[in-house]
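Novice: Using only what follows, build the 3D model:
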Amino acid sequence: MKILYILTKSGIGGAQKYVKDLAENLDKNKFEAKIIYGGVESRWLSNKTYPWLFFINDWLAVFELLKIFKLERPDIVHSNSSKAGVIGAIAAKLFNVTCHMPARQSLGDGGSRVAVVFTAHGWVFNHTNELKWLVRLFYIFLHKIAGLFTDKIICVSGYDYNLALEYDICEPEKLVKIHNGIDANMKFLSKKEARNRIMNNELGIKNKNWSWIGSIGRLVKEKNYETFIGAAKLIPNAYFFIIGEGPEFKNLKLKIKNFELDDRFFIVPPTGNDAQYLKAFDVFAMSSVKEGLPYILLEAMAAELPIVITEAGGMPELIKNHENGLMVAQRSPEALARAIGGLIENKVVAKELSLKAKEVVKERFSLKKMVSETEKVYNH
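Specialist: Here you go, the predicted structure:
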């Protein structure tokens with residue numbers, strides 16, 4: 001069975017890791033996988049939107065994907081990210097109509113019609129995402145249209161599953177929940193080696209006894225790093241780090257400067273394998289307002305780190321407050337600072353929570369389980 005994965009871009013990100021993990025770990029005796037990246041294999045497919053040009057780039061992407069489908073003749077098109085989900089579904093519908101493909105009884109029945117699977121890595125119309133109400137309604141409308149042409153929608157969290165039901169994105173029987181999974185025995189650099197490599201960026205770390213508080217992710221609005229910076233202002237005698245890059249870089253650097261944190265809050269460029277640095281941190285924190293089920297959080301759990309998260313997306317399905325980490329309200333630097341400070345001061349509790357986090361990710365969020373459940377979707 002030939003699976004064609006569609007991504008709006010290559011590079012670093014949760015959707016890219018998800019697709020790579022699936023493509024590499026599917027049963028090679030049953031599945032053949034190929035990945036189509038926007039801007040590479042598909043020139044016009046991207047996250048950019050030009051409504052004033054009647055979405056001309058998006059329509060060009062649709063017809064470009066249609067051409068690719070005719071060439072590749074996949075059994076299943078599996079799209080990832082909102083834009084790819086909508087454009088991939090429309091292109092697949094056109095492919096089935098223009099090529100006069102007969103109806104498929106189920107995904108794995110060997111029929112000639114291309115089936116469509118979409119994975120929602122956190123719905124863009126999430127209640128707490130920073131979108132204007134009209135834009136939010138527009139995205140809901142587009143996903144409802146795409147839902148008509150999609151055979152299965154995989155939600156990476158129960159939160160996203162329920163959100164799809166709430167907004168009636170598609171028929172309930174099209175929805176399936178499959179949590180992201182990782183190899184919990186993945187390798188990390190030691191604390192000493194990880195810190196040495198980070199300090200090679202000449203950050204000016206002077207006090208070797210201060211705690212390191214870290215976060216890893218793209219510098220985008222939905223990560224809400226302003227709250228993380230605000231928390232740093234309230235915690236003296238500690239260093240703070242974000243490993244990542246993105247469009248919010250200048251705004252975040254300005255906030256760091258305005259808060260006079262230049263000597264202890266650092267933004268470190270990503271390397272493409274940033275999880276290896278996790279053990280450099282004494283506490284790992286995420287201040288997001290929108291998430292699916294973030295890989296970096298799973299990886300921080302596997303690294304046995306004390307963790308503080310905000311109540312966003314699927315993160316509460318990984319971290320249970322005071323059981324295997326701490327959870328605070330969104331957009332509250334004070335609450336985030338109290339939680340981080342508590343873990344710094346009480347190392348016994350921090351260690352207990354971190355060990356429990358490792359146990360949870362090993363038992364419930366394995367890569368093997370994610371791949372197996374996804375194969376069942378392809379076969380049925």
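Novice: Number of residues surrounding the closest residue to Leu261 other than its chain neighbours?
Specialist: Once flanking residues are discounted, Leu261 sits nearest to Ala232: 5.8 Å by C-beta to C-beta, 6 or more residues apart in numbering. In this view, the C-beta of every residue, glycine as well, is placed from N, C-alpha and C. Residues near Ala232, counting by other C-beta atoms under 10 Å, number 24.
Novice: in this protein, which spans are strands?
Specialist: 2-7, 32-37, 76-80, 115-120, 152-155, 175-177, 211-216, 238-243, 265-268, 283-286, 307-310, 326-328 (DSSP state E).
Novice: Can you tell me which of those is nearest to Leu203?
Specialist: strand 265-268 (4.8 Å; C-beta to C-beta).
Novice: hmm, back to that, can I get the strands of the chain in CSV including mean pLDDT?
Specialist: As requested, those are exported to CSV (pLDDT from 0 to 100):
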stretch, mean pLDDT
strand 2-7, 98
strand 32-37, 98
strand 76-80, 97
strand 115-120, 97
strand 152-155, 98
strand 175-177, 98
strand 211-216, 98
strand 238-243, 98
strand 265-268, 97
strand 283-286, 98
strand 307-310, 98
strand 326-328, 98
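Novice: Among those strands, which comes closest to Arg195?
Specialist: Going by C-beta to C-beta, the one of those nearest Arg195 is strand 211-216, 7.2 Å.
Novice: give me the low-pLDDT residue ranges for the stretch 101-250 of the chain?
Specialist: Residue ranges of the stretch 101-250 of the chain with pLDDT under 70: 101-106, 108-111, 201-202.
Novice: Could you rerun that using 90?
Specialist: The model of the stretch 101-250 of the chain has pLDDT under 90 over residues 101-113, 127-133, 135, 199-206, 208.
Novice: just the helices in the stretch 1-150 of the chain please.
Specialist: Applying DSSP state H, counting those that start in this stretch to the stretch 1-150 of the chain gives helices spanning 14-25, 56-72, 82-98, 133-148.
Novice: Next, format these as JSON lines and append mean neighbour count and distance to Asn196.
Specialist: Shown next, in JSON lines, are the helices of the stretch 1-150 of the chain (neighbours: other C-beta atoms under 10 Å; distance: least, C-beta to C-beta, whole Å):
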{"stretch": "helix 14-25", "mean neighbour count": "19", "distance to Asn196": "26"}
{"stretch": "helix 56-72", "mean neighbour count": "17", "distance to Asn196": "44"}
{"stretch": "helix 82-98", "mean neighbour count": "23", "distance to Asn196": "39"}
{"stretch": "helix 133-148", "mean neighbour count": "16", "distance to Asn196": "44"}
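Novice: For Pro294, find the nearest of those.
Specialist: helix 14-25 (6.1 Å).
Novice: Just want the angle from the closest one to strand 2-7.
Specialist: Using axes from the mean of the first three to the mean of the last three C-alpha atoms, to 10 degrees, the direction of helix 14-25 lies 160 degrees away from that of strand 2-7.
Novice: thinking again about what came up before, contact partners for the residue nearest to Leu261?
Specialist: With contacts defined as C-beta atoms under 8 Å, 6 or more residues apart in numbering, the neighbours of Ala232 are Ile213, Ala238, Phe240, Phe259, Leu261, Arg264, Phe265, Ala337.
Novice: I'd like to know how many residues surround Gly272.
Specialist: 6.
Novice: nope, Leu355 is what I meant
Specialist: Leu355: 13 neighbours (other C-beta under 10 Å).
Novice: Go ahead and confirm it touches Glu304.
Specialist: Yes: between Leu355 and Glu304 there is a contact under C-beta atoms under 8 Å: 6.3 Å.
Novice: hang on, the earlier thing: could you save the strands of the chain as a markdown table and add columns showing mean neighbour count?
Specialist: Shown next, in a markdown table, are the strands of the chain (neighbours: other C-beta atoms under 10 Å):
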| stretch | mean neighbour count |
| --- | --- |
| strand 2-7 | 24 |
| strand 32-37 | 18 |
| strand 76-80 | 27 |
| strand 115-120 | 26 |
| strand 152-155 | 24 |
| strand 175-177 | 18 |
| strand 211-216 | 23 |
| strand 238-243 | 23 |
| strand 265-268 | 21 |
| strand 283-286 | 27 |
| strand 307-310 | 27 |
| strand 326-328 | 23 |
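Novice: if we take the contacts of Ala232, which one ends up nearest to Glu311?
Specialist: Closest to Glu311, out of all of the contacts of Ala232 and judged by C-beta to C-beta, is Ala337, at 16.2 Å.
Novice: could you pull out the helices for the stretch 201-350 of the chain?
Specialist: Using DSSP H, counting those that start in this stretch, helices in the stretch 201-350 of the chain cover 225-234, 249-258, 295-302, 333-345, 347-364.
Novice: rewinding a little: got the strands of the chain as TSV, with distance to Pro316 columns?
Specialist: Shown next, in TSV, are the strands of the chain (distance: least, C-beta to C-beta, whole Å):
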stretch	distance to Pro316
strand 2-7	27
strand 32-37	31
strand 76-80	23
strand 115-120	17
strand 152-155	15
strand 175-177	14
strand 211-216	17
strand 238-243	22
strand 265-268	27
strand 283-286	12
strand 307-310	8
strand 326-328	6
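Novice: Outline the domain layout of this structure.
Specialist: 2-181+367-379, 191-364 (automatic domain parsing).
Novice: about what we covered before: nearest to Leu326, of the contacts of Ala232?
Specialist: The closest of those, once distances to Leu326 are taken by C-beta to C-beta, is Ala337, at 11.7 Å.
Novice: check contacts around that closest one.
Specialist: Ala337 touches Gly230, Ala231, Ala232, Leu234, Ile235, counting by C-beta under 8 Å, 6+ apart.
Novice: Now Glu311: closest residue in space that isn't a chain neighbour?
Specialist: Glu311 sits nearest to Met327 (C-beta to C-beta, 6+ apart), 5.6 Å away.
Novice: which ones are touching that neighbour?
Specialist: Here Met327 is in contact with Val308, Ile309, Thr310, Glu311, Met315, Pro316, Ile319, Lys320, Asn321 (C-beta under 8 Å, 6+ apart).
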